[in-house]
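A.B. asks: need a structure here:
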Amino acid sequence: MREAAYIALGSNLEEPQRQLQAGFAALARLPDTQLVAQSSLYRSAPVGYANQPDFVNAVAVIHTTLTPRTLLDALLSIERMHGRVREFPNAPRTLDLDLALYGERVINEPGLTVPHPRMHQRAFVLAPLAEIAPDAQVPGHGRVRDLLAAVDVASVSVLKAITT
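C.D. replies: As a prediction, this is how the structure comes out:
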């Protein structure tokens, strides 16, 4: 059975806009997966470690038959192919692909937590997600549009709107 999964994308190194476009393309090529929607690109200030360039963020919706663990492994593989190095938490990165939501499942396994921790507090995830799925539910926290209304969005702005 196909499940809707929401992938948060981010980059602040090596042409971030190009990195996110490549990330969308890689998601579209995943086996047993269809890229259904992608948000505009958003610029956001770094969180946690401030001494780095601003990020470019977006969210994609896919329909997939991949299990959450298999999907996560595929996302990590895509990151590695794009030169992602995990030097320290919140470090600059070429491409970050986070499994934010997988249907309405709650998953707490070693290395896999869904919904993604703190996504309900992060404007750089909620703003692009609200653009394409405002009524999506973040299990245990509520509807995306309501969560976005409760966070400070001053550090997030549309960089490149969706073109049809």
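A.B. asks: Now do the contacts for N12.
C.D. replies: Counting by CB atoms under 8 Å, 6 or more residues apart in numbering, N12 makes contact with 46, 52-56, 92-93. No exception for glycine: its C-beta is placed from N, CA and C like everyone else's.
A.B. asks: Against N108, how distant is V47?
C.D. replies: From V47 across to N108, the span is 22 Å (CB to CB, to the nearest Å).
A.B. asks: still on that earlier bit, okay if I get the contacts of N12 as TSV plus distance to F24 and pLDDT?
C.D. replies: Converted to TSV, the contacts of N12 look like this (distance: CB to CB, whole Å; pLDDT from 0 to 100):
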residue	distance to F24	pLDDT
P46	22	87
Q52	23	78
P53	21	90
D54	20	91
F55	16	92
V56	12	97
P92	20	78
R93	16	86
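A.B. asks: Who wins on neighbours among these?
C.D. replies: Of all the contacts of N12, F55 has the most neighbours under the rule other CB atoms under 10 Å, reaching 25 neighbours.
A.B. asks: more crowded one of V47 and N108?
C.D. replies: When V47 and N108 are compared for neighbours, V47 comes out ahead with 14 against 8, by other CB under 10 Å.
A.B. asks: Please enumerate the strands of this protein.
C.D. replies: Secondary structure of the chain (DSSP state E): strands at 3-11, 33-38, 41-44, 55-64, 96-102, 107-109, 112-114, 137-138, 142-143, 156-160.
A.B. asks: Go through those strands and find the least confident stretch.
C.D. replies: With a mean of 89, strand 156-160 has the lowest mean pLDDT of the strands of the chain.
A.B. asks: hmm, back to that, format the strands of the chain as JSON lines; extra columns: distance to L27.
C.D. replies: Output for these, formatted as JSON lines (distance: least, CB to CB, whole Å):
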{"stretch": "strand 3-11", "distance to L27": "6"}
{"stretch": "strand 33-38", "distance to L27": "5"}
{"stretch": "strand 41-44", "distance to L27": "15"}
{"stretch": "strand 55-64", "distance to L27": "5"}
{"stretch": "strand 96-102", "distance to L27": "8"}
{"stretch": "strand 107-109", "distance to L27": "19"}
{"stretch": "strand 112-114", "distance to L27": "17"}
{"stretch": "strand 137-138", "distance to L27": "20"}
{"stretch": "strand 142-143", "distance to L27": "24"}
{"stretch": "strand 156-160", "distance to L27": "17"}
